[in-house]
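>>> Dropping the sequence and predicted coords here.
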Amino acid sequence: MSGARVDHTLTSGVFTLDGGSWEVENNVWLIGDDDEVVVVDAAHDAGAILAAVDGRRVVAVVCTHAHNDHVNAAVEVAGATGAPVLLHPDDRVLWDMTHPDRAPDGALSDGQSVKVAETELTVLHTPGHAPGAVCLYAPELGVLFSGDTLFQGGPGATGRSYSDFPTIIESIRDRLLTLPPETEVHTGHGGSTTIGAEAPHLEEWIDRGH
């Protein structure tokens, strides 16, 4: 039985891309136990994230993708904890917009495992919202951390640079909707959902995108 639990911190700030800016609230997810933790998407407020870490050893700061609102606190959190920042290399072009002078410490790849508190987090490469977008699947916990690939009510946005609607639909259909329907989906923004709740809507998303 996994000893890991999921903690949540909500941070707020500004998302910028393609010359626009939007006020956003981001979900920051922490997976671990009383001793160690993985931080998923260090957004906006390093102080709030470090308070949630609460002195635990940070195994890694994992970026589901590199839009600025998901990585703008990553370097500060990594610097304060000594943890590596992990990102899929296909999102380096987006990362460099926010952190041009600081490369990620390691690369995420499809099928890779990140281990924390005796729990395996499996990396699923799910491009579409961003080229290097990934989700993290923890079967022992029955949880998927979907970043901005899948939300309560539909797929992530694909109307901006480096995104593609047919690609995100393919990622969701082939990589996420094949997971057990009871899998809880913890998203990058907004409320959580389940695979079973979202799966019936795939066809209408496709119709909406055409």
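Done, it's in.

>>> Check Thr175 and give its pLDDT.
Heads up, residue 175 is Arg, not Thr. pLDDT, Arg175: 98.

>>> Could you check how far it is from Val123?
11 Å (Cβ to Cβ, to the nearest Å). In this view, the C-beta of every residue, glycine as well, is placed from N, C-alpha and C.

>>> Equivalent analysis for Thr178, please.
Computed as Cβ to Cβ, the Thr178 to Val123 distance reads 16 Å.

>>> out of these two, which sits in the busier spot?
Taking neighbours as other Cβ atoms under 10 Å, Thr178 and Val123 compare with Val123 leading, 20 against 10.

>>> can I assume the more buried one sits in a helix?
No - Val123 is assigned strand when assessed by DSSP: H, G, I helix; E, B strand; the rest coil, not a helix.

>>> What count of nearby residues applies to Arg57?
For Arg57, using other Cβ under 10 Å, the count is 13.

>>> Show me what it is bridged to.
Beta-bridge partners of Arg57, counted by DSSP bridges, are Glu36.

>>> Please shift the residue numbers so they start at 10 in all later answers.
In the new numbering, first residue 10, that becomes Arg66.

>>> Which pLDDT value does the model give it?
Residue-level confidence at Arg66 comes out at 98, pLDDT.

>>> low-scoring stretches of this structure, by residue?
Within the chain, the segments meeting pLDDT under 70 span 10-11, 219.

>>> what residues are shared contacts of Arg184 and Val132?
Shared contacts of Arg184 and Val132 (Cβ atoms under 8 Å, 6 or more residues apart in numbering): Cys144.

>>> separation between the residue nearest to Gly200 when sequence neighbours are not counted and His198?
Once flanking residues are discounted, Gly200 sits nearest to Gln161: 4.9 Å by Cβ to Cβ, 6 or more residues apart in numbering. Counting by Cβ to Cβ, the gap from Gln161 to His198 is 9 Å.

>>> out of the two, which sits in the more crowded spot?
Counted by other Cβ under 10 Å, Gln161 and His198 do not tie: His198 has more neighbours, with 18 against 15.

>>> Run through the bridge partners of Cys144.
Leu133.

>>> For Asp216, what are phi and psi?
With angles defined as degrees, to the nearest 10, Asp216 sits at phi -60, psi -40.

>>> That one: neighbour count?
Count around Asp216 with other Cβ under 10 Å applied: 8.

>>> what about it, distance to Ile177?
Asp216 is 15 Å from Ile177, by Cβ to Cβ.

>>> likewise His74?
For His74, the distance to Ile177 - Cβ to Cβ - is 11 Å.

>>> Look at those two and report which has more neighbours.
Neighbour totals were compared for His74 and Ile177, and His74 leads with 30 against 26 (other Cβ under 10 Å).

>>> and Ala112, how many neighbours does it have?
12.

>>> Which stretches in this structure count as strands?
Under the criterion DSSP state E, the chain contains strands at 14-26, 29-41, 45-49, 66-71, 94-96, 115-116, 122-125, 128-134, 143-147, 152-156, 159-160, 163-164, 193-196, 202-203.

>>> okay if I get those strands as JSON lines plus distance to Met106?
JSON lines is the format used below for those (distance: least, Cβ to Cβ, whole Å):
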{"stretch": "strand 14-26", "distance to Met106": "8"}
{"stretch": "strand 29-41", "distance to Met106": "13"}
{"stretch": "strand 45-49", "distance to Met106": "20"}
{"stretch": "strand 66-71", "distance to Met106": "18"}
{"stretch": "strand 94-96", "distance to Met106": "13"}
{"stretch": "strand 115-116", "distance to Met106": "18"}
{"stretch": "strand 122-125", "distance to Met106": "25"}
{"stretch": "strand 128-134", "distance to Met106": "21"}
{"stretch": "strand 143-147", "distance to Met106": "18"}
{"stretch": "strand 152-156", "distance to Met106": "17"}
{"stretch": "strand 159-160", "distance to Met106": "23"}
{"stretch": "strand 163-164", "distance to Met106": "23"}
{"stretch": "strand 193-196", "distance to Met106": "23"}
{"stretch": "strand 202-203", "distance to Met106": "29"}
